[in-house]
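**Student:** sequence first, predicted model second:
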Amino acid sequence: MAAPIQARTAAQTAAPEHVREPVLAYIGLGANLGDPAASLAAAMAAIASTPGVTLTARSALYASAPVDAGGPDYVNAVVQVHTVLTAPDLLARLQAIELQAGRERPYRNAPRTLDLDLLLYGDAHITSPRLEVPHPRMGERAFVLLPLAEIAPQRVPQDRLQAVAGQRVNPYP
Ligand code: A4P
Ligand code: MG
């Protein structure tokens with residue numbers, strides 16, 4: 001039994017410092033302009049093709065009434081990834097995917113072709129000017145909590161789900 005342990009220790013010692021342990025992260029997707037369902041499908045494919053990111057679960061699509069916003073109903077979903085990217089690098093990649101989808105930002109909460117929010121990054125708590133994790137508004141939003149509960153029920157407290165039960169969110173037809 002001693003030999004394998006020695007071999008493993010040697011391999012760990014030899015591992016380059018930049019090799020990171022994958023982190024389990026959750027990304028919220030939303031859109032209410034153009035063809036939202038197609039945008040979400042394309043975004044999931046773009047996330048899955050990102051070097052350093054493995055897409056490991058995806059929720060169904062949900063139709064939801066706009067919250068704190070106007071315009072048409074949204075289509076929302078949540079995906080789970082394992083990633084060796086840092087949280088800022090993952091956010092930068094998500095913003096690049098938003099731009100590719102034609103995202104414009106005329107004003108806050110404006111209707112959008114694609115919105116990608118980093119909801120959770122392992123158990124990290126991050127507060128910086130460009131990135132807050134857990135996403136600061138996710139706990140009040142049924143369009144985030146329902147799809148998240150579908151793929152990661154352990155990350156959504158029951159009382160939170162009950163608190164948002166009045167918000168209109170339905171399976172996307
Ligand atoms: N930022 C900070 N933390 C994060 C994070 N965890 N993930 C910063 C993503 N971005 C984060 O975002 C503004 C800035 O937030 C970014 O530059 C980034 O550095 P944005 O996407 O440019 O602007 P926004 O989306 O208009 O504003 P915000 O505050 O992100 O809005 P939310 O909270 O994303 O809400 N109703 C329904 N039914 N479905 C929706 O999807 N979405 C919104 C937008 C409102 N109502 C909705 C939906
Ligand atoms: Mg956003």
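**Tutor:** Alright, I've got the coordinates. Ligands and ions are numbered 1, 2, ... in the order given.
**Student:** what about the residue nearest in space to the middle of the chain, distance to ligand 1?
**Tutor:** Central residue of the chain (C-alpha atoms, centre = their mean): I27, 0.1 Å from the mean position. Distance of I27 to ligand 1, given as C-beta to the nearest ligand atom, to the nearest Å: 8 Å. To be clear about C-beta, it is placed using only N, CA and C from the backbone, and glycine gets the same treatment.
**Student:** for this protein, give me the ranges with low pLDDT.
**Tutor:** 1-18 (pLDDT under 70).
**Student:** all helices of it, in order?
**Tutor:** Secondary structure of the chain (DSSP state H): helices located at 2-14, 36-48, 87-100, 142-151, 158-163.
**Student:** those: which one's closest to ligand 1?
**Tutor:** helix 142-151 (4.4 Å; C-beta to the nearest ligand atom).
**Student:** what packs against that closest one?
**Tutor:** Under the contact criterion of 3 or more C-beta pairs under 8 Å, 6 or more residues apart in numbering; DSSP states H and E, helix 142-151 touches strand 23-31, strand 62-64, strand 74-83, strand 115-121, helix 158-163, strand 169-171.
**Student:** for A57, give the beta-bridge partners.
**Tutor:** Q80 (DSSP bridges).
**Student:** surely it is in contact with V79?
**Tutor:** Yes. At 6.7 Å, A57 counts as touching V79 under the criterion of C-beta atoms under 8 Å.
**Student:** picking that back up, check contacts around the closest residue to the residue nearest to the centre of the chain other than its chain neighbours.
**Tutor:** Nearest in space to I27, with sequence neighbours left out and distances taken as C-beta to C-beta, 6 or more residues apart in numbering, is V79 at 5.2 Å. When contacts are counted by C-beta atoms under 8 Å, 6 or more residues apart in numbering, V79 touches 26-27, 29, 44, 47, 55, 57-59, 151.
**Student:** run through the residues of the chain sitting next to ligand 1.
**Tutor:** When proximity is defined as C-beta under 6 Å from any ligand atom, the chain approaches ligand 1 at 30, 64-69, 74, 76, 91, 105, 108-109, 115, 117-118, 130-133, 135, 137, 143.
**Student:** just to revisit the earlier point, give the bridge partners for the residue nearest to the centre of the chain, please.
**Tutor:** V79, L118.
**Student:** just confirm it contacts L116, I think it does.
**Tutor:** Yes. Between I27 and L116 a contact is recorded at 5.9 Å, counting by C-beta under 8 Å.
**Student:** anything in contact with each of those two?
**Tutor:** 47, 94.
**Student:** quick revisit: overlap in contacts of A57 and V79?
**Tutor:** In contact with both A57 and V79: I151, using C-beta under 8 Å, 6+ apart.
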